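Visitor: coords please:
(2 chains)
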Amino acid sequence: MKRLFIFLCTGMLIFPGCDAGDNTPSSAAAASSFENNTPKGQASVVDNVSAKNILQVAAGSKDHTTLVAAVQAAEIEHILVNAGPITVFAPNNAAFDALPAGTVENLLKPENKSTLVDILSRHAAPGTFDVKQMRKEAKKARKIYTATGDYFEVTVAGDDIYVEGAKILGTIATSNGIINVVDKVILPKNN
Amino acid sequence: MKNYKTIAMIVVATSILLIIANCNQNATTTGSGALTGSAAQKVFVPPGEHDEFYAFMSGGFSGQLAVHGLPSGRLFKVVPVFSVDAEKAYGFNEETKPMLETSYGFIPWDDSHHPDLSQTNGVIDGRWCFINANNTPRIARISLKTFETEEIIELPNSAGNHSSAFVTENTEYVVAGTRFSVPVPQRDMSIDEYKGNFKGAVSFIKIHPETGRMSLEFQILMPGFNYDLAHPGRGKSHGWMFFSTYNTEEAATLLEVNASQNDKDFIAAINWKKAEEFIKAGKYKNMPTLYAHNVYDESTHSATSTMIKEVKTLDPSELPGLVYFMPTPKSPHGCDVDPSGEYIVGSGKLAAALTVHSFSKMTAAIEAKDFDSQAYGIPILSFDATLAGTVKQPGLGPLHTEFDGKGNAYTTFFISSEVVKWKLGTWEVLDRKPTYYSVGHLMIPGGNSQKPFGKYVVALNKITKDRYIPTGPEVCQSAQLYDISGDKMELLLDFPTLGEPHYAAGCPASLIEPNQTKIYKLEDNNHPYVTKSEKDAKVVRNGKDVHVYMTMIRSHFAPDNIEGIKTGDRVYFHVTNLEQDYDVPHGISMIGANTSELLIMPGQTETFVWEPKRVGVWPFYCTDFCSALHQEMQGYVRVSPPNSNIALSWTLDGEAL
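Guide: Sure, this is the predicted structure:
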């Protein structure tokens, strides 16, 4: 999995703030590489035929306007349309609202971009973890490795599934992975 | 290519080469439209931007069709047509094997020659590309929605299917003529009895206006000449088909000498609307024969092959008004009709001038019965009666002509290695540019239709020599792109091609791009062995045949562990790609399988057969870098001895599906 993670970071220029705790901006080389691409990379591909991808589904959800705004501010749209497969634990608007007052506004400021990228990336994991698979992870006590290098614990309580303490409110299959809607923003453990 | 060496020898022997010096002095027209701006700028397509034109180039002896963009020359796809293609499993998977069935059995190769595009009202419509197989005579139809070969029809009574596959202006017919005349029907007879006994079949393949499905409507059994190239009438000459002929001497040996004896051969003018009347009036003979008709069904993702045993034939010697011969000097090769349909250009390979016939003069001569003589009951029109004009001292070894829609024609000259621009009506040479080297065909997008799109001409060269970094004794063929928007042609680009590009067809990308199939809808998949969800994946044993119903999605197979297979089994992997996302194919390959990989598009099902010969645990994997977890996309099959009692099982992540 470590090898895969390195691949994700370097090969595809995604998750630029992937070193947890490192808040420095992504390298100039990576930035110029983005500039040479179309502004949003693969996210600018027009495709009305394929099933909707993670970004398209999220953009169409009224419960995820904060998340989508954050993804746009972090300029990581192209990650959410990548071949993946990716599982996104998608905090709904209420989850962001539950953060201390001013947190979201602060994160959306350009100077906090790398922190925002880090927080959002923590909610993405390589792989396809739908509800069935999440139950299996819990049963087999397998942790989910995220794009920031964290390991998330999956637990089951009755009919409910939790990832790192956040409750899964719903699951949507998309063309390039899974969206698991969660009721909490999953912050770094040392915070 | 080798045929042309003969031509070269003959021409040198007759000292016609002196003409070249004069020719070059004839090009005196002024004008500089094409000379402004650099060539590099004109062919540069910035990253992420699209080419303006598609160019469909025959793959020649590769048997395939190459899809390039113009003006960049970039190669985008090789569409497998008449030859197996391990990359795409064409001819290797169970679904496409029937596409290469013929009356001679499964044939893994052919020699593809002349692509032509479907038309509506004489204008290219971007629906289908047709191309001929030269060796085992066949015509293929390629969908320009999927860029896959959808249909192949074999042509009986034909041999060296060269004057093909040319499309009439409402795609009523694709026409295909035999190069070699043969006994019809085939029989055991002396080759010495060729003359007067062999026949040259030209085939009219009807095209269904909506589906494009092909059916062999009728064949005209012509005298035993060689039928070289063809062009349908346009506009006023719609309803006629013109074929160049050579070897009107009817020689069966040393043709390089014996087929060059007559001063003139013919362009055969066939009135196919008249042929339809004869068919309707029942004036045909049903001839027993055998040919294959292979159809790929997008719904089942599978092809079927059907053998057909009869063909309707027309005998022109008994049907007045069906065929006329127009004498044309010295073994005409190209036979090209201008956008108005008035001029029919006959490129006598060995002639010192280009001969242009007039359609209206031809019909007047037919009316006036202005015949010189007849051949096998077919009237031979007087040469002067149909002649519109000649292009004098144009170059050496003329082959093919295309048109720009502005009253100009462009002809290739093999021996003098050049493209020559000349004016219709005045027959004056306007410009000439060298090619590198020995050009065969040329192509202007839409340049054989009523509406050429102009802008570029592509010269398709037979010989490359020193043009690129070398690759041993075998070097590629090449194409050269010229800007023809100004008075003078300007060489812009030189790029390598697949196989030997005989002909090419081109059209604006805007005709094709909006109609592209991006994915196959899983719900519409009617493959008999489709698996539409992982829970339906299974393994079924039927004696020694084992059918694996498998799915693939980023980034795993289901099932990915199979046990209970035995040596001596015949294991069919029916694999469905569950993805519904553009450009996410998956592949699969199995160690030791005596076939190719599968490359499966989203929503598609394909099958390969594996006959395990050794006991052990054998891996399979995804061959297309599908996703970030592609390297994890793999599985194992346990193979036990024939007497083993290991139960058949199939699992994913340690659990039954």
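Visitor: mind listing the helices for chain B?
Guide: Taking DSSP state H as the test, the helices found in chain B are B:2-13, B:18-26, B:39-43, B:255-258, B:272-280, B:359-367, B:383-386.
Visitor: try chain A
Guide: Shown for chain A, the helices assigned by DSSP H span residues A:2-6, A:28-36, A:54-59, A:65-74, A:77-80, A:93-97, A:103-107, A:113-121, A:131-139.
Visitor: Out of these, which is closest to B:Val457?
Guide: helix A:28-36 (34.1 Å; Cβ to Cβ). Bear in mind the C-beta positions are built from the backbone N, C-alpha and C, glycine included.
Visitor: Nearest residue to the middle of the chain?
Guide: Just going to use chain A. Residue closest to the average C-alpha location in chain A (Cα atoms, centre = their mean): A:Ala124, at 3.4 Å.
Visitor: you looked at the wrong chain, it should be chain B
Guide: Most central in chain B under Cα atoms, centre = their mean is B:Ile131, positioned 2.3 Å from the mean C-alpha point.
Visitor: what sits opposite it in the beta ladder?
Guide: Taking DSSP bridges as the rule, B:Ile131 bridges to B:Ala140.
Visitor: Could you dump the helices of chain A into JSON lines with mean neighbour count, distance to B:Ser347 and mean pLDDT added?
Guide: What follows is the helices of chain A, written out as JSON lines (neighbours: other Cβ atoms under 10 Å in any protein chain shown; distance: least, Cβ to Cβ, whole Å; pLDDT from 0 to 100):
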{"stretch": "helix A:2-6", "mean neighbour count": "12", "distance to B:Ser347": "61", "mean pLDDT": "38"}
{"stretch": "helix A:28-36", "mean neighbour count": "11", "distance to B:Ser347": "49", "mean pLDDT": "41"}
{"stretch": "helix A:54-59", "mean neighbour count": "22", "distance to B:Ser347": "56", "mean pLDDT": "96"}
{"stretch": "helix A:65-74", "mean neighbour count": "19", "distance to B:Ser347": "62", "mean pLDDT": "96"}
{"stretch": "helix A:77-80", "mean neighbour count": "24", "distance to B:Ser347": "54", "mean pLDDT": "93"}
{"stretch": "helix A:93-97", "mean neighbour count": "17", "distance to B:Ser347": "73", "mean pLDDT": "97"}
{"stretch": "helix A:103-107", "mean neighbour count": "15", "distance to B:Ser347": "73", "mean pLDDT": "96"}
{"stretch": "helix A:113-121", "mean neighbour count": "22", "distance to B:Ser347": "66", "mean pLDDT": "95"}
{"stretch": "helix A:131-139", "mean neighbour count": "16", "distance to B:Ser347": "67", "mean pLDDT": "95"}
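Visitor: To B:Lys274, which of those lies closest?
Guide: Of all the helices of chain A, helix A:54-59 comes closest under Cβ to Cβ, at 58.1 Å.
Visitor: contact partners of the closest one?
Guide: A:43, A:64, A:67-68, A:71, A:77, A:80-81, A:84, A:86, A:88, A:90, A:172, A:174, A:176-177, A:179 (Cβ atoms under 8 Å, 6 or more residues apart in numbering or on different chains).
Visitor: Could you give the number of residues near B:Ser203?
Guide: Other residues within reach of B:Ser203, judged by other Cβ atoms under 10 Å in any protein chain shown, total 28.
Visitor: Right, I'll leave it there.
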